[in-house]
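Novice: Predicted model follows, preceded by the sequence.
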Protein chains: 2
Amino acid sequence: MRRLTDNTRTKIIDAGEKLLLKNGFNGFSYADIALALGIKKSSIHYHFPSKADLGLAVIQRARQRFSGWCERREIAAMADWDKLDRFFEIYRHYLTKSESVCLSGAMQTDFTTLPKPMQEETKGLVSDLLNWMDNFLDKGRKRGTFSFPGISCDQAVVVLAVMQGGLQMNRVLDSPIFDMAAAQIRCLLKS
Amino acid sequence: MRRLTDNTRTKIIDAGEKLLLKNGFNGFSYADIALALGIKKSSIHYHFPSKADLGLAVIQRARQRFSGWCERREIAAMADWDKLDRFFEIYRHYLTKSESVCLSGAMQTDFTTLPKPMQEETKGLVSDLLNWMDNFLDKGRKRGTFSFPGISCDQAVVVLAVMQGGLQMNRVLDSPIFDMAAAQIRCLLKS
DNA sequence: TGTTATCTACCAACTAGTAGATAGAATGTC
DNA sequence: GACATTCTATCTACTAGTTGGTAGATAACA
């Protein structure tokens, strides 16, 4: 019943997400998406009346995707070090398939220009990531897998900031900074 | 002779930098600057024919400011830990006086939409920061002040990413994440 | 027949940027 | 010193293109 519709809707979110990650929220327009998908601007407005609606949908889907990732048996069953690598892979993926940064990083720098609902959803996204990493590092240290000074929530900020920043610097300097930074984080959690 | 002119020119760069740090390069217009300074758009075009010229001037001035900071006797004469704190202060300043992120972070996420000359200048800015931090950490470790695993240029990426990301997350969540992250970096350089 | 999804054809506001007038200051010339 | 000229910096007024968004026709579908 909703087959074709959902398809278009999904394609619009896909294209929107791609452009958002590449150019930032103020760096693309409905015309860009229409061109990319070979449809008309007004068709996008049918599915997402305002640009804020589309932006919100992109962030909401990303949050769902992450919580789905967390709950996957395959992931949950993993050893700490493997799980950390898998988490890094989420970020590395952006780098590989398109010259993008991560969603949280992109939304954070555009933050003041975003409509309220998108700001709230962005807060939620960043909180999700920080909370998960905090919990993951804390448990890992208690189990004896990880070792780091101070409290886990501060270390979580460090790890996430390095993911974000590593992606951003890698793109700008076009050198393998992300992988070096990820390796350094692994070192810091061992020593 | 160039008194008034330079004054206006400087004021335009000031206003442009402020808006750039707050909203990103695609998040402000000449009209915004004109309004803020109480002048006309065309006066801005007189000093900076295109928006790219203004953007370039903002980055160039920031690079000069940083290299000036590095060369200041007061800074050069400082002990390592004090110098690190002073470096953190540069970033913390953005947070204090306006809800901004740092210039390198802002330019990095807008990167693909920037005109070539601005991209090149951004590369230069990020390189300046990374090179300085790399050298600073390396010397500090050789002197026995700092301690960290791996090579200093990887650790430099970590420190800078945490500055950038700490600022960004602090603004979004409106909680004192920046100071916590800075403290954690200090811990990581001790242990 | 009513609903869903797409289209064509608009619109007002805003974008970066240009052309040309004008006022005042600096400079050259007699 | 007086006068003309050039330069600097700003203004008003405009343009072409883009932005997000709307109205209404039309087709496809259930």
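Specialist: All right, it came through fine. Numbers count the residues shown, from 1 in each chain, chains lettered A, B, ... in the order given.
Novice: Distance of the residue positioned nearest the centre of chain A relative to DNA strand C?
Specialist: Taking Cα atoms, centre = their mean as the criterion, residue A:103 is the residue nearest the geometric centre of chain A, at 3.9 Å. With distances taken as Cβ to the nearest atom of the strand, to the nearest Å, residue A:103 is found 25 Å from DNA strand C. Just so you know, the C-beta spots here come from the backbone N, C-alpha and C atoms, and that holds for glycine as well.
Novice: ok, the residue lying closest to that residue once chain neighbours are set aside - how many residues close by?
Specialist: Ranked by Cβ to Cβ, 6 or more residues apart in numbering or on different chains and with sequence neighbours excluded, the top spatial neighbour of residue A:103 is residue A:62, at 5.1 Å. Number of residues near residue A:62 (other Cβ atoms under 10 Å in any protein chain shown) recorded here: 21.
Novice: right, is the helix or strand containing residue A:62 up against DNA strand C?
Specialist: When elements are assigned from DSSP states H and E, residue A:62 belongs to helix A:51-71. No. Counting by Cβ under 7 Å from any atom of the strand, DNA strand C has no neighbours in helix A:51-71; the shortest distance is 13.3 Å.
Novice: ok, residues contacting that helix?
Specialist: Under the criterion Cβ atoms under 8 Å, 6 or more residues apart in numbering or on different chains, residues A:12-13, A:16-17, A:20, A:25, A:30, A:44, A:48, A:75-76, A:90, A:103, A:107, A:114-115, A:117-118, A:121-122, A:124-125, A:128-129, A:132 lie in contact with helix A:51-71.
Novice: OK, contacts around the residue nearest to the centre of chain A?
Specialist: With contact set as Cβ under 8 Å, 6+ apart, residue A:103 has these partners: A:17, A:20-21, A:58-59, A:62, A:125.
Novice: hmm, try it at 10 Å
Specialist: A:17, A:20-21, A:58-59, A:61-63, A:65-66, A:94, A:122, A:125-126, A:129, A:164 (Cβ atoms under 10 Å, 6 or more residues apart in numbering or on different chains).
Novice: which two in the residues you listed are spaced the farthest apart?
Specialist: Using Cβ to Cβ, the pair of these lying farthest apart is A:61 and A:164, separated by 19.2 Å.
Novice: For the two, indicate the residue with more neighbours.
Specialist: Neighbours per residue (other Cβ under 10 Å) separate residue A:61 from residue A:164, with residue A:164 holding more: 30 against 16.
Novice: Burial check on the nearest residue to the more buried one once chain neighbours are set aside, number of neighbours?
Specialist: Counting by Cβ to Cβ, 6+ apart, residue A:105 is the residue found nearest to residue A:164 once chain neighbours are left out, at 4.1 Å. The local packing of residue A:105 (other Cβ under 10 Å) involves 30 other residues.
Novice: Which of the contacts of helix A:51-71 fall in helices?
Specialist: A:12-13, A:16-17, A:20, A:30, A:44, A:75-76, A:90, A:103, A:107, A:117-118, A:121-122, A:124-125, A:128-129, A:132 (DSSP state H).
Novice: Of these, which count as buried by neighbour count?
Specialist: The neighbour-count criterion (16 or more other Cβ atoms under 10 Å in any protein chain shown) marks A:12-13, A:16-17, A:20, A:30, A:44, A:103, A:107, A:118, A:121-122, A:125, A:128-129, A:132 among the ones in helices among the contacts of helix A:51-71 as buried.
Novice: Tell me the spacing between residue A:162 and residue B:181.
Specialist: Between residue A:162 and residue B:181 the distance is 10 Å, computed by Cβ to Cβ, to the nearest Å.
Novice: Touching both of the two, which residues are there?
Specialist: Any residue near both residue A:162 and residue B:181 by Cβ under 10 Å, 6+ apart counts here, and that gives B:161-162, B:165.
Novice: Can you select the buried ones from these in PyMOL?
Specialist: Selecting in PyMOL just the buried members of these, where the criterion is 16+ other Cβ under 10 Å, is done with this command:
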select buried, chain B and resi 161+162+165
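Novice: okay, the shared contacts of residue A:162 and residue B:181 in TSV with pLDDT, secondary structure and distance to residue A:36 next?
Specialist: Formatted as TSV, the shared contacts of residue A:162 and residue B:181 follow (pLDDT from 0 to 100; DSSP: H, G, I helix; E, B strand; the rest coil; distance: Cβ to Cβ, whole Å):
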residue	pLDDT	secondary structure	distance to residue A:36
B:161	98	helix	31
B:162	98	helix	35
B:165	97	helix	30
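Novice: This completes my enquiry, with thanks.
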